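**Student:** kindly generate the corresponding structure for this input.
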Amino acid sequence: MSTILIIDDDDQLRKSFHKLLTEEGYSVESAASGESGLDVIGKKILDMVILDVRLPGMNGLETFRAIHEIEPKLPVIIMTAYGTTETAIEATKMGAFDYILKPFDIPDMLIVIKQALEAGRFMRSPVDMDVTPDKTTSHEAIIGRSSPMQDVYKAIGRVASTDATVLIRGDSGTGKELVARAVYQHSLRANNPFLVINCVAIPDTLLESELFGYEKGAFTGAAHRRVGKIEQAHGGTIFLDEIGDMPFSLQSKMLRLIQEKSIERLGGRENISVDVRIIAATNRNLEDAITNGRFREDLYYRLKVVTIWLPPLCRRAGDIPLLTEYFLSRYSAEGGMDNPGITDKAKKLLAEYSWPGNVRELSNVIQKALIFNRGAPLSPNDITQVISENRPREGTDENNLDQILHQIIQRELITNLRKNMFESCMDHFACILISESLKFTGGNRSRAAKLLGLSRPTLHSKIEKYRLKLETSVKEDRS
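**Tutor:** Model prediction:
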């Protein structure tokens with residue numbers, strides 16, 4: 001449970017916050033002045049502070065400076081009235097996570113609180129590297145002793161203490177965010193902000209203002225100046241996840257940030273100097289994106305000063321036993337249960353599966369299997385059931401077709417319930433293919449046979465073999 005400290009001299013506001021946040025599942029501490037707030041910080045382990053600008057005695061800015069000296073990674077949200085917005089902006093530039101104007105909208109405030117807690121967790125939760133599962137000191141670790149993972153550890157060690165821009169590449173689920181956090185936590189900026197921006201999760205229309213901020217009147221609804229995430233991270237690190245999906249229109253601004261260390265807020269003309277380190281990640285083929293005009297070549301070279309490649313799990317299968325033991329230990333502890341272990345047959349099954357979802361999929365499978373296995377060692381049935389449930393049930397676009405087919409075939413091989421596996425799978429696929437072709441042609445067998453490259457008698461025999469029931473919508477062509 002996260003603990004939040006409210007520092008505000010308004011008794012009613014503190015009570016309202018206490019009621020709201022406890023209902024949301026948070027633990028709440030409160031203080032009526034900056035001095036008493038600092039006293040709480042000295043005695044309690046906190047996850048976040050919500051701080052008013054106007055306070056008796058020490059004002060909000062002085063209180064923030066003191067908090068930052070004691071706990072530089074403790075996220076602080078500033079509350080301010082319109083008249084003191086500039087003070088809040090100044091605090092944000094000094095490292096406060098964000099500022100909220102009074103009176104505020106409760107849903108918006110809860111969103112910012114959640115974001116601040118997540119940012120604090122990223123900054124303060126260490127990421128262990130190159131360790132065995134029983135030696136990890138945190139809930140999050142980069143596990144693996146394979147040769148590709150040794151290269152990853154070396155790359156992190158070499159680049160962390162520099163200010164070089166880093167591009168982390170790899171398939172979804174390989175652990176790119178953990179690597180970004182490891183680089184940050186071993187860097188000279190480790191006591192300064194670390195902010196994560198997912199370029200896919202934020203709509204294109206909002207991403208520019210989220211990153212660069214905006215001036216009052218920049219667009220309809222811009223009632224005051226807003227500092228963007230890049231300014232908030234001054235002195236620290238910005239992690240741009242899924243940068244391959246960043247809108248082309250914003251890429252020039254990102255290039256300017258890297259080259260000139262300056263930005264302009266949306267609707268503004270002032271050049272604002274910022275000191276941030278950029279770590280970016282993508283699962284996209286940026287070279288193809290450049291060729292197709294979706295990604296700037298100059299930005300590509302600015303980002304890839306150092307490139308860290310994360311291998312898919314199938315390329316480091318020797319790490320699967322280590323990862324399995326780690327996830328068993330982690331999720332057993334989180335669930336308040338004894339570690340039930342895993343059978344040798346289940347281990348073999350895990351080692352032979354190709355893991356299209358990579359480490360994320362393995363983590364999910366172990367966690368779900370632990371929940372439903374009732375304390376017994378994980379068996380092949382436990383693993384097979386979860387993998388089967390996780391596979392896509394609905395058709396997706398053409399880009400995912402190969403992955404879907406792989407997952408279906410892997411499930412069949414894992415369960416191994418059918419005899420004559422090859423013939424069974426080929427018949428199953430042929431049945432679907434012929435059925436869809438006939439639907440597409442409205443039941444016209446001659447057209448369907450031509451589409452499939454079959455003779456009409458061959459198509460007819462397969463329809464009989466698979467006992468397909470057809471509803472024809474056009475008159476059969478006998479020509």
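**Student:** list the buried residues in the helix or strand harbouring I77.
**Tutor:** In the assignment (DSSP states H and E), I77 maps to strand 76-80. Neighbour-count burial for strand 76-80, counted by 16 or more other C-beta atoms under 10 Å, picks out V76, I77, I78, M79, T80. Where C-beta positions appear, they are placed from N, C-alpha and C, glycine not excepted.
**Student:** can you redo those residues as a markdown table with distance to N192?
**Tutor:** What follows is these, written out as a markdown table (distance: C-beta to C-beta, whole Å):
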| residue | distance to N192 |
| --- | --- |
| V76 | 14 |
| I77 | 17 |
| I78 | 17 |
| M79 | 23 |
| T80 | 23 |
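**Student:** my read: D11 touches A32, true?
**Tutor:** Yes. Contact criterion C-beta atoms under 8 Å: D11 and A32 qualify, at 7.3 Å.
**Student:** what residues go with each domain of this protein?
**Tutor:** Following automatic domain parsing, one finds the domains of the chain at 3-124, 147-309, 314-415, 421-466.
**Student:** is it possible to get a markdown table of the ones you listed that adds distance to E140?
**Tutor:** Shown next, in a markdown table, are the domains of the chain (distance: least, C-beta to C-beta, whole Å):
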| stretch | distance to E140 |
| --- | --- |
| domain 3-124 | 9 |
| domain 147-309 | 6 |
| domain 314-415 | 9 |
| domain 421-466 | 39 |
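**Student:** turn those into a markdown table, including mean pLDDT and distance to A141.
**Tutor:** Shown next, in a markdown table, are these (pLDDT from 0 to 100; distance: least, C-beta to C-beta, whole Å):
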| stretch | mean pLDDT | distance to A141 |
| --- | --- | --- |
| domain 3-124 | 90 | 15 |
| domain 147-309 | 92 | 8 |
| domain 314-415 | 81 | 7 |
| domain 421-466 | 81 | 38 |
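**Student:** other SSEs contacting the strand holding I77?
**Tutor:** In this structure, strand 76-80 makes packing contacts with strand 48-52, helix 60-70, helix 85-93, strand 98-101, helix 106-124, judged by 3 or more C-beta pairs under 8 Å, 6 or more residues apart in numbering; DSSP states H and E.
**Student:** let's go with 10 Å and repeat that
**Tutor:** Counting contacts by 3 or more C-beta pairs under 10 Å, 6 or more residues apart in numbering; DSSP states H and E, strand 76-80 packs against strand 3-7, strand 48-52, helix 60-70, helix 85-93, strand 98-101, helix 106-124.
**Student:** and among those, the most buried is which?
**Tutor:** Neighbour counts (mean count of other C-beta atoms under 10 Å) averaged over each of the helices and strands packed on strand 76-80 peak at strand 48-52, with a mean of 25.
**Student:** that one - contacts with which helices or strands?
**Tutor:** Partner elements for strand 48-52 (3+ C-beta pairs under 10 Å, 6+ apart): strand 3-7, helix 11-23, strand 27-31, helix 34-43, helix 60-70, strand 76-80, helix 106-124.
**Student:** mind listing the helices for the stretch 151-300 of the chain?
**Tutor:** Taking DSSP state H, counting those that start in this stretch as the criterion, the stretch 151-300 of the chain carries its helices at 176-185, 204-212, 229-232, 248-260, 286-291, 297-303.
**Student:** quick one: which of those helices is nearest G120?
**Tutor:** helix 176-185 (12.5 Å; C-beta to C-beta).
**Student:** report the angle between the closest one and helix 106-124.
**Tutor:** Relative orientation of helix 176-185 versus helix 106-124 (axes from the mean of the first three to the mean of the last three C-alpha atoms, to 10 degrees): 60 degrees.
**Student:** what's the closest non-adjacent residue to I371?
**Tutor:** Spatial nearest neighbour of I371, chain neighbours left out: G335 (7.3 Å); criterion: C-beta to C-beta, 6 or more residues apart in numbering.
**Student:** who's in contact with that neighbour?
**Tutor:** Q367, L370, I371 (C-beta atoms under 10 Å, 6 or more residues apart in numbering).
**Student:** ok, now L20?
**Tutor:** With contact set as C-beta under 10 Å, 6+ apart, L20 has these partners: Y26, V28, I106, M109, L110, I113.
**Student:** same deal with E24?
**Tutor:** S2, I4, L110, I113, K114.
**Student:** surely the last one touches S2?
**Tutor:** Read that as K114. Yes. K114 lies in contact with S2 (C-beta atoms under 10 Å); the separation is 9.5 Å.
**Student:** what sits in contact with each of these two?
**Tutor:** Joint contacts of K114 and S2 (C-beta under 10 Å, 6+ apart) are E24, M48.
**Student:** which SS state does G318 fall under?
**Tutor:** Secondary structure, DSSP: H, G, I helix; E, B strand; the rest coil: G318 is helix.
**Student:** same check, this time on L433
**Tutor:** Going by three-state DSSP: L433 is helix.
**Student:** what's the nearest residue to it if we skip its chain neighbours?
**Tutor:** L452 (7.1 Å).
**Student:** one more: S2?
**Tutor:** D47 (4.2 Å).
**Student:** circling back: need the contact list for the residue nearest to L433.
**Tutor:** L452 is in contact with A430, L433, I434, S437, L438, T458, L459, K462, counting by C-beta under 10 Å, 6+ apart.
**Student:** burial of the second one, as a residue count?
**Tutor:** The reference is to L433. 14 (other C-beta atoms under 10 Å).
**Student:** what's the answer for L21, then?
**Tutor:** 20.
**Student:** where's it relative to L46, distance?
**Tutor:** The spacing between L21 and L46, counted by C-beta to C-beta, to the nearest Å, is 13 Å.
**Student:** overlap in contacts of these two?
**Tutor:** Counting by C-beta under 10 Å, 6+ apart, the residues touching both L21 and L46 are S2, T3, I4, S27.
**Student:** the first one against V49, yeah?
**Tutor:** It refers to S2. No. Between S2 and V49 there is no contact under C-beta under 10 Å: 11.8 Å.
**Student:** who touches both of the two?
**Tutor:** A116, G120.
**Student:** among D11 and A32, which residue is more densely surrounded?
**Tutor:** A32 (18 against 10).
**Student:** quick one, what contacts the more buried one?
**Tutor:** I6, I7, D8, D9, D10, D11, R14, D52, L55, P56, G57.
**Student:** closest to E260 among those?
**Tutor:** Among the contacts of A32, and counting by C-beta to C-beta, the member closest to E260 is D52, at 36.2 Å.
**Student:** how near is the residue nearest to that closest one when sequence neighbours are not counted to V183?
**Tutor:** Distance criterion C-beta to C-beta, 6+ apart; nearest residue to D52, sequence neighbours excluded, is D8 at 4.2 Å. Computed as C-beta to C-beta, the D8 to V183 distance reads 37 Å.
**Student:** D241 now?
**Tutor:** Distance from D241 to V183, by C-beta to C-beta: 13 Å.
**Student:** of the two, which one has the most company?
**Tutor:** A direct count of neighbours by other C-beta under 10 Å for D241 and V183 places V183 higher, at 29 against 21.
**Student:** hang on, the earlier thing: quick check: neighbours shared by D241 and V183?
**Tutor:** In contact with both D241 and V183: I168, I279, using C-beta under 10 Å, 6+ apart.
**Student:** number of residues surrounding D204?
**Tutor:** Residues near D204, counting by other C-beta under 10 Å, number 13.
**Student:** what do you get for M94?
**Tutor:** The burial count for M94: 15, using other C-beta under 10 Å.
**Student:** R169 too?
**Tutor:** Neighbours of R169 using other C-beta under 10 Å come to 19.
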